[in-house]
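Peer 1: quick one, fold the following:
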Amino acid sequence: MATSDKFDDESQHPQELNGWQDRIKQRLKALGMTQESLAHKIGITRSAICHYLAGRRVPSLSQFSKLAEVLEAEPSWLQFGSPHETPAEKVSRLMTSLHPLPIITWEQAAEFKDLRQLDLSKTKEWVPNYFTHRKDVYGLKIKGDAMISPNGQSKSFHEGDIIVVNHNGVAEPGDFVVAKLTTTEEITFKQYVIDAGKKYLKPLNPQYPTIEITGIYSRLAVVTHSICPNKIDDTTVTISYSGSF
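Peer 2: Below you'll find the predicted structure:
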């Protein structure tokens with residue numbers, strides 16, 4: 001006698017239902033898929049599916065993986081009831097957990113004194129922030145070659161690299177800083193150095209001039225990390241600096 005393709009009556013085996021059977025049934029119903037079709041797609045018999053759904057057998061880990069793939073579900077959700085997420089929801093959750101970093105323009109960086117004044121709702125580019133949980137950080141994309149060192153073993157910042165900027169730190173000599181020229185409101189990215197008691201903003205490229213800090217620069221922020229997206233391994237170089245001068 002042919003067996004019905006309807007699910008077994010759960011009330012006949014209440015003690016045998018552990019939860020994953022219900023989730024399999026839920027996905028079958030959502031996809032409009034029959035038990036026979038499911039069995040065919042994962043390469044087992046329909047009677048094996050019936051045994052699974054009746055709680056008489058438990059799928060192996062590899063079978064759970066196949067079931068999840070065919071049923072378009074997360075294996076952990078299907079097996080254990082972990083929160084079910086679509087791919088887009090998963091990306092969104094991961095981005096949130098990584099404290100996404102806003103990439104702002106140099107013009108935006110010049111306009112505000114307090115990061116809370118910055119309207120991030122219009123920011124179109126964000127990157128995962130693996131470096132810090134601080135909220136007073138943002139990213140800037142490097143322009144030009146002023147911070148490319150001719151010495152291949154020295155730290156360099158290439159056009160298109162992203163620098164992670166701590167808006168509220170205190171710079172120490174040797175730190176890389178983003179400074180604002182108060183007379184023109186222009187922003188420059190240089191290395192902060194002190195020599196013979198005088199403070200300077202020094203480019204890594206010797207073809208550009210070193211600028212003495214004579215009170216015409218207001219402090220802005222310190223670079224704490226850099227991201228080099230053009231490298232094959234997407235290497236993130238950590239620079240152990242903190243603060244702002």
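
Peer 1: for the residue nearest to residue 112 when sequence neighbours are not counted, what are phi and psi?
Peer 2: For residue 112, ignoring the flanking residues on the chain, the nearest one in space by C-beta to C-beta, 6 or more residues apart in numbering is residue 118 at 5.0 Å. Heads up, the C-betas are built off the backbone N, CA and C, glycines and all. Backbone torsions of residue 118, given as degrees, to the nearest 10, read phi -80, psi 130.

Peer 1: where does residue 118 land on pLDDT?
Peer 2: According to the model's per-residue confidence, residue 118 sits at a pLDDT of 73.

Peer 1: that one: how many residues sit nearby?
Peer 2: 17 (other C-beta atoms under 10 Å).

Peer 1: make sure it is actually in contact with residue 137.
Peer 2: No: between residue 118 and residue 137 there is no contact, the gap being 11.6 Å when judged by C-beta atoms under 8 Å.

Peer 1: correct me, but residue 189 touches residue 177?
Peer 2: Yes: distance between residue 189 and residue 177: 7.5 Å, which falls inside the contact criterion (C-beta under 8 Å).

Peer 1: now do the shared contacts for the two.
Peer 2: residue 223 (C-beta atoms under 8 Å, 6 or more residues apart in numbering).

Peer 1: confidence score at the spatially closest residue to residue 201 that is not a sequence neighbour?
Peer 2: For residue 201, ignoring the flanking residues on the chain, the nearest one in space by C-beta to C-beta, 6+ apart is residue 190 at 3.7 Å. Per-residue pLDDT puts residue 190 at 93.

Peer 1: name whatever forms a beta bridge with residue 190.
Peer 2: The partner list for residue 190 in beta bridges (DSSP bridges) reads residue 177.

Peer 1: and the strands in this structure, which stretches?
Peer 2: Taking DSSP state E as the test, the strands found in the chain are 101-102, 126-127, 137-141, 162-166, 176-181, 186-195, 198-202, 211-212, 217-227, 236-238.

Peer 1: where's the residue nearest to residue 112 relative to residue 104, distance?
Peer 2: Computed with C-beta to C-beta, to the nearest Å, the distance linking residue 118 and residue 104 is 7 Å.

Peer 1: low-confidence ranges in the chain?
Peer 2: In the predicted model, the chain carries pLDDT under 70 at residues 1-18, 84-99, 114-116, 130-133, 152-153, 183-184, 215-220, 229-245.

Peer 1: mind listing the helices for it?
Peer 2: All helices of the chain, identified by DSSP state H, fall at 20-31, 35-42, 46-54, 61-70, 75-80, 87-97, 106-111.

Peer 1: okay, those helices in CSV with distance to residue 213 and mean neighbour count next?
Peer 2: CSV is the format used below for these (distance: least, C-beta to C-beta, whole Å; neighbours: other C-beta atoms under 10 Å):
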stretch, distance to residue 213, mean neighbour count
helix 20-31, 64, 17
helix 35-42, 68, 17
helix 46-54, 72, 18
helix 61-70, 60, 16
helix 75-80, 55, 17
helix 87-97, 38, 11
helix 106-111, 18, 15
